[in-house]
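Peer 1: Provided below for reference: sequence and predicted model.
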Amino acid sequence: MNVPSRFRSLPAAVAALGGLALATFAQVPAEAASGRIAFQVVKGEWFIGGSGGSGTLTFRGRNYPITIGGLSAGLVFGASQTNFRGTVSNIRRPSDLAGVYAAVGAGGALGAGAQVITLRNEKGAILNLTGRQVGLQVNMDFSGLAISLR
């Protein structure tokens, strides 16, 4: 049987395109997503401060308990409790939230106050948070916040 030359390479081309499509599909990284986060932090300071708390990450319809710990140093004085709520973005799995977040800041609260902050960890997770703060606190400091999954 004599097959025209333009059709002889058709099976090879189809096989090559199919292989290319499979290879491309296999190499596509998981798309980054976002979730909701809520946690409470209690903080005490006198030049050096410590904080701790707990909360929840809601990601892809599931809740994950988290713990918070932190240190601050600088001109810091007082004690406060802050309830944070917000979003976490640029994560592919819940464990991407875990890590150390650093911030340089200044502020204060006498009685009730509000906070807005954006933080990023070493994995690229971005926290956009708002918080309601209660207590007496004055700060101009460098602080670190560590978040881990329980």
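Peer 2: Received it, and whenever you're ready, just let me know what you need. Numbering: from 1, shown residues only.

Peer 1: buried stuff in stretch 37-56?
Peer 2: Residues of stretch 37-56 classed as buried by neighbour count (16 or more other C-beta atoms under 10 Å): 37, 39, 41, 43, 44, 45, 49, 51, 53, 55. All C-beta atoms are positioned from the backbone trio N, CA, C, and that covers glycine.

Peer 1: could you pull up the mean pLDDT of that stretch?
Peer 2: If you average the pLDDT over stretch 37-56, you get 90.

Peer 1: same check, this time on stretch 127-142
Peer 2: For stretch 127-142, the per-residue pLDDT averages 83.

Peer 1: swap in stretch 100-119?
Peer 2: Mean predicted lDDT for stretch 100-119 stands at 77.

Peer 1: distance between that stretch and the chain's centre?
Peer 2: Centroid displacement of stretch 100-119 relative to its chain, using C-alpha atoms, centre = their mean, to the nearest Å, is 17 Å.

Peer 1: going forward, begin numbering at 10 instead of 1
Peer 2: I'll keep to 10 as the first residue from here, and by that count the last item is stretch 109-128.

Peer 1: which outside residues touch that stretch?
Peer 2: 87, 89, 91, 93, 129-131, 135-156 (C-beta atoms under 8 Å, 6 or more residues apart in numbering).

Peer 1: now which of those residues would you call buried?
Peer 2: Burial by neighbour count, judged by 16+ other C-beta under 10 Å, picks out 87, 89, 91, 93, 130, 135-136, 138, 140, 142, 144, 146, 148, 150, 152, 154-156 from the contacts of stretch 109-128.

Peer 1: give the buried residues for stretch 95-112.
Peer 2: If you call a residue buried by 16+ other C-beta under 10 Å, then stretch 95-112 has these buried ones: 95, 97, 100, 103, 105, 106, 107, 108, 110.

Peer 1: before we move on, back to that, Throw the buried residues of stretch 46-65 into JSON lines and include distance to residue 72 and secondary structure, thanks.
Peer 2: JSON lines is the format used below for the buried residues of stretch 46-65 (distance: C-beta to C-beta, whole Å; DSSP: H, G, I helix; E, B strand; the rest coil):
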{"residue": "46", "distance to residue 72": "11", "secondary structure": "strand"}
{"residue": "48", "distance to residue 72": "12", "secondary structure": "strand"}
{"residue": "50", "distance to residue 72": "19", "secondary structure": "strand"}
{"residue": "52", "distance to residue 72": "25", "secondary structure": "strand"}
{"residue": "53", "distance to residue 72": "28", "secondary structure": "strand"}
{"residue": "54", "distance to residue 72": "31", "secondary structure": "strand"}
{"residue": "58", "distance to residue 72": "29", "secondary structure": "strand"}
{"residue": "60", "distance to residue 72": "23", "secondary structure": "strand"}
{"residue": "62", "distance to residue 72": "16", "secondary structure": "strand"}
{"residue": "64", "distance to residue 72": "10", "secondary structure": "strand"}
